[in-house]
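Participant: What would the 3D arrangement of this be:
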Amino acid sequence: MQTPGNLRDHFLLVVKMSKACDVDLSTALDQGQIDAPAYADMIIACRGCGQVGKCDKLLATLPDLSQAPDYCVNRDEFAHLRQLQAV
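Facilitator: Predicted coordinates for the structure are as follows:
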């Protein structure tokens with residue numbers, strides 16, 4: 001089993017990935033599209049991901065993404081929130 005990554009680092013990574021996927025997590029919270037426990041779950045899931053190095057490289061080279069990469073544990077949540085915010 002992998003040791004979970006640093007909480008702050010993964011919080012920032014979730015924020016960066018959300019911005020790259022054109023998702024505003026603050027808006028999602030304010031509009032009830034996601035609640036605080038679900039947001040925390042996204043960060044916890046990210047902490048357990050073994051592909052963090054790939055995310056760092058990807059986000060450094062591609063600041064705008066049409067969707068999170070296949071290996072992203074939060075890919076479906078980002079896609080769902082992006083769809084809600086596109087309306």
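
Participant: From here on, just use CA atoms for contacts and neighbour counts.
Facilitator: Noted.

Participant: Cys21 against Ala68, yeah?
Facilitator: Yes. Using Cα atoms under 8 Å, Cys21 makes contact with Ala68 at a distance of 6.4 Å.

Participant: Overlap in contacts, the two.
Facilitator: Phe78, Ala79 (Cα atoms under 8 Å, 6 or more residues apart in numbering).

Participant: Could you list the low-pLDDT ranges of this structure?
Facilitator: In the predicted model, the chain carries pLDDT under 70 at residues 1-2.

Participant: mind listing the helices for it?
Facilitator: Taking DSSP state H as the test, the helices found in the chain are 7-20, 25-30, 36-47, 52-61, 75-85.

Participant: Can I get these in JSON lines including mean neighbour count?
Facilitator: Shown next, in JSON lines, are those (neighbours: other Cα atoms under 10 Å):
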{"stretch": "helix 7-20", "mean neighbour count": "18"}
{"stretch": "helix 25-30", "mean neighbour count": "14"}
{"stretch": "helix 36-47", "mean neighbour count": "16"}
{"stretch": "helix 52-61", "mean neighbour count": "13"}
{"stretch": "helix 75-85", "mean neighbour count": "17"}
